[in-house]
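Peer 1: My questions are about this predicted structure, shown below with the sequence.
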Amino acid sequence: MDNSVAAGVAASHPATAAAGLRILRAGGTAADAAVAAVLATCVAETIYTGLGGGGFATYFDAASGEVTCLDFFVAVPGTDGDCQPGPMVAVDVLFGGLPQVYAIGGASVAVPGVPAGCGEVHRRWGRLPWDQVVAPAYELALTGADLPPAHARTLEACAPALTYAEGAECYTPNGQLLRGGDRLFHAGLASALAALAEQGPALFYTGDYAKVLVETVRAAGGALGPGDLAAYRVLETPVDQARLGPYRVRARHDLNRTVDTIAGLPPNLDEMPRSARSVAVAAALRDRGRQKIGDTTNVSVVDAPGNACVITTTMGLGAGVWLPGLGINLNSMLGEGELITDDLAPGRRMSSNMCPLVVIDKAGNLRMAAGSAGASRIRTALVESLVRVLIDGVDTPSALAGPRFHVVDDTVHAEPGYPREDLAALAAAGWQIKQWPALDHYFGGVTAVGPGGAAGDPRRGGVGLLL
């Protein structure tokens, strides 16, 4: 297999990938293309993310070998001190056959970071003018985008949250839930993107939309204030590192400790029989019961000089609080139970499982750029994909399409097609095995550019496009 990494874009929607590729072809950097793709997700992938969400970016500079991680995740509101949040709205989401309880509404809305994050990535590493980078998303918003069947399945599972209040207008037009192939359209979103192109990200923090944000959230029972928005900043965070075979995996320190998990894998993983390796990986992945859905998406971009930009964003399930006339749903991160920690206070940045990463070889060259959706399964999806590519030598598209397992307590959840001898070895090691009937978005949604090409996860309708 050719170990070189070609320039390309991997995303969870054809229109998202096309937006990134268009910017690469126009001479944009990996950062330009990644920002364009992220803004396109805010049009085409609104069941997963949006301008009202937050995220993280990892950037690899090929010339210097430097890796930078940016945190533009959501912050806890309330620093203004003049408003107390009301009750949240409980919703049941059926997931894996089991009901999961979430909370949405105005009190679940945290300070959004996607506009600021896109602006900072572009400021640091972009080359093209800002309005040119926004243009693909704006044009997409004029017409809307077809909903892939995989996204429609997520919509069906998350419908109680996504169709709440104004969400019914776009996700259940004519009273029927959108299906695969239907057009997803958000009235007013093109106007919002046109304003973003003209005024920049400050539009949402100190500009024309800041007052709209505050009034809308407070009217819905939230505590977001003008001081929360004005004080929001993108943060640069430390970069963790772990060895996997002869390679270095570099990423932020996430809530699920992805890099620590990779560092905890046996150093002789490449010498172990596959069944024994599955047991070792399961042990490293042992997770204490988090099984939240998480509406998240990822874009991975590599440009011709070998720079890489990986950005993961989310809005939780979405609060069902829409900016009037602008087609923007706000995040529900304060209603995501697994992200609520004892140290949360107004102004504090929330934690997340998201982990956009890059892999570097011995010579300091990029070997892979990858990230994943999937809440607590992000770590599982990334670790299994990396092991297949870096240890087994499987090409990137095949690695992402292969069956996965995920560990919860002492149970291994396995997709169909996972080798029987591996499952037998896991059972012999004391694991309970739960077989799933089909590939499922529960098992994450990886997008990656690496050996063998660019690829999006079939579980999320993903695609990969090469320059």
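Peer 2: The structure has been received and is ready for your questions. Nothing here was measured: the structure is a model prediction, and the numbers come from that model.
Peer 1: Would you map the helices across the protein?
Peer 2: Secondary structure of the chain, counting by DSSP state H: helices at 14-25, 30-44, 114-125, 130-143, 149-162, 167-171, 189-199, 208-219, 226-231, 258-263, 274-285, 378-386, 396-401, 420-428.
Peer 1: which stretch among the ones you listed comes nearest residue 241?
Peer 2: Nearest to residue 241, of all the helices of the chain, is helix 258-263, at 6.8 Å by CB to CB. For the C-beta atoms, the positions are set from N, CA and C on the backbone; glycine is no exception.
Peer 1: Report how many residues lie close to residue 432.
Peer 2: 12 (other CB atoms under 10 Å).
Peer 1: Could you list the alpha-carbon positions for the helix or strand bottoming out on mean pLDDT in the chain in CSV?
Peer 2: Least confident helix or strand, the chain: strand 98-104 with a mean of 79, by mean pLDDT, DSSP states H and E. Written as CSV, here are the backbone C-alpha positions of strand 98-104 (Å, rounded to 0.1, in the frame of the first residue of the first chain):
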residue,chain,number,x,y,z
LEU,A,98,-33.2,1.9,25.1
PRO,A,99,-34.6,5.3,26.0
GLN,A,100,-32.0,8.0,26.9
VAL,A,101,-33.1,11.1,28.8
TYR,A,102,-31.8,14.5,27.7
ALA,A,103,-32.6,18.1,28.5
ILE,A,104,-33.1,20.9,26.0
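Peer 1: give the contact list for residue 433.
Peer 2: Neighbouring residues of residue 433 by CB atoms under 8 Å, 6 or more residues apart in numbering: 411, 412, 414, 423, 426, 427.
Peer 1: Kindly check the end-to-end length of stretch 104-116 for me.
Peer 2: 23 Å (CA to CA, to the nearest Å).
Peer 1: Hmm, I typed the wrong one, I wanted stretch 49-56.
Peer 2: 13 Å.
Peer 1: Next, the buried residues of the least confident helix or strand of the chain.
Peer 2: For strand 98-104, the neighbour count (16 or more other CB atoms under 10 Å) marks 100, 102, 103, 104 as buried.
Peer 1: What count of nearby residues applies to the nearest residue to the first one once chain neighbours are set aside?
Peer 2: Spatial nearest neighbour of residue 100, excluding adjacent residues (CB to CB, 6 or more residues apart in numbering): residue 93 at 5.0 Å. The number of residues packed near residue 93 is 18, by other CB under 10 Å.
Peer 1: ok, now how distant is residue 93 from residue 147?
Peer 2: From residue 93 across to residue 147, the span is 18 Å (CB to CB, to the nearest Å).
Peer 1: what do you get for residue 132?
Peer 2: 27 Å.
Peer 1: Of those two, which one has the most company?
Peer 2: The neighbour comparison of residue 132 against residue 147 (other CB under 10 Å) goes to residue 147, with 24 against 18.
Peer 1: That one contacts residue 185, correct?
Peer 2: No. Here residue 147 lies out of contact with residue 185, judged by CB atoms under 8 Å, at a distance of 10.1 Å.
Peer 1: Counting neighbours, what do you get for residue 280?
Peer 2: By other CB under 10 Å, 16 other residues sit near residue 280.
Peer 1: Setting the sequence-adjacent residues aside, check what's closest to residue 235.
Peer 2: residue 71 (4.2 Å).
Peer 1: so what's the one you found up against?
Peer 2: By CB under 8 Å, 6+ apart, the contact list for residue 71 reads 56, 234, 235, 236, 237, 252, 349.
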